[in-house]
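Novice: Compute the structure for the input listed below.
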Amino acid sequence: MKLTATSMMCVTLLWGTFFLEVGVLVALGLLMAVVLTYLSLAKGQKLDTIGILLLLNIGFWLATGLAVGSISLTSFASPRFYNGEGRILISVLPLLALCVVPFSTWELERIRKHVTYLTVVSVTIYLIWLVTGTRALSGEGHADEFHAFFTSHTGAGTFFGCLAVFAILWSAESRRVRHLFVALLLLGPVFSSGSREALLGVLVALGWYYGVKRKNPKMLIPVALVILAMIPAIEMMSSKTYNRTVGMVSGDTISGIVDQTKAGIKSDWAVGDWNPTDGNSNLESGDVTTLVRIMLWVYASKCFVDSPWVGIGWGRFNDRTLVLTDTPMFNMALDGRQVFNTASAHNSYFHILAESGLFGMALYLTIWVALYFRCRKAETLFKPIQNLRAYYVASQGLVVYILTCALTGHALAAPSVMIPVLTLLGAGAAYYREAVKIGKPNLTSSTPP
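Specialist: Prediction:
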């Protein structure tokens, strides 16, 4: 089989995200996505429904950002922009391309195989880190956290979580025992990354699969046993991560969350006049990371209350010295100092509601709902073909995973998780689109998908 431009793009994006700290490979994949989108449209290919929804979202983001002044036309030429508000734009490029390019069975299987290769490589590198303790694979200043080739524990954790969810669900659904064993080992990198966001996402996705999708919660028992068996080893290898995770359910943390929420609601924090990331002087007692998130959520809530329908303006959350229009229900920030960085509300829902309001939230979530239900339709269409059915079940799990991650981080705008998730989801959606055009697949074929 010849190597196609589409499969090269998808594979480059997956491996490029794995080596995100370098950046060159993922940049090449994104460039290929732009070129393929342009060439496909130039040849008369049409965007599908999900692609149109995506363009509506991009148009809304850019229109409101330009309208309130959080971005300007010159912003697109600044590298800082793509490390801030522009991160969501580069994150959705793979999906945009896959909403228009033709797609084949061979290309889908090629992508699925590279997930397996990534799984094996990730587990191997993780085991090397465990044995040697090499600092090159740890975060700067975090010797007991496994960052691999990422710049943050969240980036590493959410990427490995994406791999774990897809690999575990695909292996379980296709009944590949050896694949499932290796896939379960990915829980190690997820935990050792120190990302509680990723750990929560993986557990919810597995719970969804066995408890809701397959209605067989008993199958959670072996998964739970694997996790329990790993805990003593992980406690020794990464005591900081272990203590932070266990501390989430401590009485002090829960009490601190309640106190922090009350303090935030009663405070005189004004939208645009206070930077919630400056210092810890306003923190109550408890887990610092958790309490900072509470402060950010309260601040985002204040932004949303000021302008619930369309938000204060895309890109305005982390801008400073904002001047609001003082218009009831449409209190947008038409003036302020632009700040391009990765600061967020550490909750995609709060962040989107703050910047884009109910309209922007509904518009964006429509994409994820559309992807989920296209995967469900594909699961039904390909039910007799085990490998294909497993791909679409695993893809549904990815939607559950990333929407869960979005509860404690801005996962819906983070390239480290958005690029691999949208590459896998987009590939599946593209194949289903092409299959519907051609007609129901030949179910008697002995050739694996």
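Novice: Low-confidence bits of the stretch 201-350 of the chain, can you list those?
Specialist: 223, 226-253, 256, 259-260, 263-288 (pLDDT under 70).
Novice: Ignore what I typed, I meant the stretch 51-200 of the chain.
Specialist: Checking the stretch 51-200 of the chain against pLDDT under 70 turns up 141-143.
Novice: for it, what spans make up the helices?
Specialist: All helices of the stretch 51-200 of the chain, identified by DSSP state H, counting those that start in this stretch, fall at 87-91, 93-98, 105-132, 153-174, 177-184, 187-192, 196-207.
Novice: what comes up buried for the third one?
Specialist: Just to be clear, that refers to helix 105-132. 105, 107-112, 114-116, 118-119, 122-123, 125-126, 129-130 (16 or more other C-beta atoms under 10 Å). (Glycine included, C-beta is placed from N, CA and C.)
Novice: Output the contacting helices and strands for it.
Specialist: Using 3 or more C-beta pairs under 8 Å, 6 or more residues apart in numbering; DSSP states H and E as the contact test, the elements touching helix 105-132 are helix 5-18, helix 153-174, helix 177-184, helix 187-192, helix 386-405, helix 415-438.
Novice: Thr17: neighbour count?
Specialist: Thr17 has 26 neighbours, counted by other C-beta atoms under 10 Å.
Novice: distance of it from Tyr126?
Specialist: Counting by C-beta to C-beta, to the nearest Å, the gap from Thr17 to Tyr126 is 16 Å.
Novice: do the same with Asn83
Specialist: For Asn83 relative to Tyr126 (C-beta to C-beta), the value is 27 Å.
Novice: which ones are touching the nearest residue to Thr151 once chain neighbours are set aside?
Specialist: Spatial nearest neighbour of Thr151, excluding adjacent residues (C-beta to C-beta, 6 or more residues apart in numbering): Glu21 at 5.4 Å. By C-beta atoms under 8 Å, 6 or more residues apart in numbering, the residues touching Glu21 are 149-151.
Novice: Generate a markdown table for those residues, with neighbour count and distance to Gly336 as supplementary columns.
Specialist: Formatted as a markdown table, these follow (neighbours: other C-beta atoms under 10 Å; distance: C-beta to C-beta, whole Å):
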| residue | neighbour count | distance to Gly336 |
| --- | --- | --- |
| Phe149 | 16 | 36 |
| Phe150 | 24 | 31 |
| Thr151 | 14 | 28 |
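Novice: Okay, and which of those residues map to strands?
Specialist: Secondary-structure check on these using DSSP state E: no residue lies within strands.
Novice: Looking at those residues, which is nearest Tyr401?
Specialist: The shortest gap between Tyr401 and any of the contacts of Glu21 belongs to Phe150, at 17.4 Å (C-beta to C-beta).
Novice: measure the spatially closest residue to the closest one that is not a sequence neighbour to His351 for me?
Specialist: Of all residues not flanking Phe150 in the chain, Ala156 sits nearest, at 4.0 Å (C-beta to C-beta, 6+ apart). Ala156 sits 21 Å away from His351, going by C-beta to C-beta.
Novice: In terms of neighbours, single out the busier of those two.
Specialist: Taking neighbours as other C-beta under 10 Å, Ala156 and His351 compare with Ala156 leading, 30 against 27.
Novice: Check whether Ala33 really touches Leu13, as I assumed.
Specialist: Yes. The criterion here is C-beta atoms under 8 Å, and Ala33 meets it with Leu13 at 7.4 Å.
Novice: okay, and the common contacts of those two?
Specialist: Pro94.
Novice: Going by neighbour count, which residues in stretch 320-339 are buried?
Specialist: Quick answer for stretch 320-339 (16+ other C-beta under 10 Å): 322, 324-325, 330-334, 336, 338-339.
Novice: Mark which of the residues you listed are part of strands, please.
Specialist: 322, 324, 333-334, 336.
Novice: which stretches of the stretch 251-400 of the chain form helices?
Specialist: According to DSSP H, counting those that start in this stretch, the helices that the stretch 251-400 of the chain contains are 251-266, 288-306, 348-381, 386-405.
Novice: so which of those is the most packed in?
Specialist: Highest mean neighbour count of the helices of the stretch 251-400 of the chain: helix 386-405, a mean of 24 (counted as mean count of other C-beta atoms under 10 Å).
Novice: Dump the C-alpha coordinates for that one into CSV.
Specialist: Provided in CSV are the C-alpha atoms of helix 386-405 (Å, rounded to 0.1, in the frame of the first residue of the first chain):
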residue,chain,number,x,y,z
GLN,A,386,-14.7,-6.3,15.1
ASN,A,387,-11.7,-4.0,14.6
LEU,A,388,-13.7,-1.2,13.1
ARG,A,389,-16.4,-1.4,15.8
ALA,A,390,-13.7,-1.3,18.5
TYR,A,391,-12.2,1.8,16.9
TYR,A,392,-15.4,3.7,17.2
VAL,A,393,-16.2,2.5,20.7
ALA,A,394,-12.7,3.6,21.8
SER,A,395,-13.3,7.0,20.0
GLN,A,396,-16.5,7.5,22.0
GLY,A,397,-14.4,6.8,25.1
LEU,A,398,-12.0,9.6,24.0
VAL,A,399,-14.9,12.1,24.0
VAL,A,400,-15.8,11.1,27.5
TYR,A,401,-12.2,11.3,28.5
ILE,A,402,-11.5,14.8,27.2
LEU,A,403,-14.8,16.3,28.4
THR,A,404,-13.9,14.9,31.9
CYS,A,405,-10.4,16.3,31.7
